[in-house]
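> Sharing a model that was predicted from the sequence below.
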Amino acid sequence: MDMKIKDELSSRMKCTQCSLFTKCMPQGLNVNEMTDIDALVTQRVKVKRGMSLFRQSSQFNSMYVVRTGYFKTVISNENGSDQVLGFYTRSDYLGFGSVLNEGHNCSAYALEDSEVCIIPYLKVDEIAKTIKNLQAHIRKLLSKEIARENFEMLSLGSVKAEGRIAIFLLNLSARHYERGYSRTDLNLSMSRQDIASFLGLTHETVTRGLSKFIKDGIILVDNRRIVIVDHDMLDLVINRENS
């Protein structure tokens, strides 16, 4: 694991004092339950850009919440090629897909200097036995992650190249907006190659698709910064290719 452990949180910020608490943890807890939740996260780790948080097939011990930064998950195939599975940012959980497995089913790499909170799974399992809200919250998060992956798989598989790129931009816009960021001004931490791998396209196809969107006045591009000028036009691209 290529990450640097920070000081224990006991002398710093408690989990319940964090700005991400309402997004990461269940609501409606009593005082005793809040104390138990504070005991869940005892460490944060910093992960430098390009370094791994965990590796495929490594032992699963903890889940992670992205506090700052951006990650990609990657699966290595038998032929030695890598496939990008998804992208994760602030308040997203990483490692959830490994709960039902003995080891991590993919690797996670930081796309920029990032920080995550470590949540030991055995501790979650223990506390969840007494906090029903936590059990329900974990089930909800796991279901949400499965639903998101299934939606992306089905929607991306039903349209051609330009439609896949449009879906990617709209989904990214929506996820950023949910976190209080601009839905139109996106700073992409992932490379065009990462996007191509995730969408099942070539790098050249993604580049051509973005260039066409620029020409059509749908987006503006400045290196990794993309401004969505017309969300409705992106919807039209998807509908056109899905018809």
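That came through fine.

> contacting residues around the residue nearest to the spatial centre of the chain?
In the chain, the residue lying closest to the centroid (C-alpha atoms, centre = their mean) is residue 88, at 1.7 Å. Neighbour list for residue 88: 66, 70-73, 94, 108 [criterion: C-beta atoms under 8 Å, 6 or more residues apart in numbering]. C-beta: built from backbone N, CA, C; applies to glycine.

> Quick check: closest non-adjacent residue to residue 130.
residue 36 (7.3 Å; C-beta to C-beta, 6 or more residues apart in numbering).

> residues near the one you found, how many?
17 (other C-beta atoms under 10 Å).

> That one against residue 131, yeah?
Yes. Applying C-beta atoms under 8 Å, one finds residue 36 in contact with residue 131, separated by 6.3 Å.

> can you give me the helices in the protein?
21-24, 31-38, 121-128, 132-157, 161-178, 192-199, 203-215, 231-242 (DSSP state H).

> and of these, who's closest to residue 82?
helix 192-199 (7.1 Å; C-beta to C-beta).

> now the closest one, how far from the chain's geometric center?
15 Å (C-alpha atoms, centre = their mean, to the nearest Å).

> Can you show me the CA trace of that helix as PDB?
Provided in PDB are the C-alpha atoms of helix 192-199 (Å, rounded to 0.1, in the frame of the first residue of the first chain):
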ATOM      1  CA  ARG A 192      -8.300  10.900 -21.700                       C
ATOM      2  CA  GLN A 193      -6.800   7.400 -21.700                       C
ATOM      3  CA  ASP A 194      -8.500   6.600 -18.400                       C
ATOM      4  CA  ILE A 195     -11.800   7.900 -19.800                       C
ATOM      5  CA  ALA A 196     -11.400   5.800 -22.900                       C
ATOM      6  CA  SER A 197     -10.700   2.700 -20.900                       C
ATOM      7  CA  PHE A 198     -13.700   3.300 -18.700                       C
ATOM      8  CA  LEU A 199     -16.000   3.800 -21.700                       C
END
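
> Please look at residue 15 and residue 26 and confirm they touch.
No. Checked against C-beta under 8 Å, the pair residue 15 and residue 26 is beyond contact range at 11.8 Å.

> Name the residues contacting each of those two.
With C-beta under 8 Å, 6+ apart, residue 15 and residue 26 have no common neighbours.

> residues in contact with stretch 183-202?
69-70, 72, 82-87, 89, 111-112, 156, 161, 164-165, 168-169, 172-174, 176-177, 203, 205-207, 209-210, 224-229, 231.

> low-confidence ranges in the protein?
1-13, 97-102, 151, 154-155, 241-243 (pLDDT under 70).

> about what we covered before: tell me which of the helices of the chain lies nearest to residue 48.
helix 192-199 (17.2 Å).
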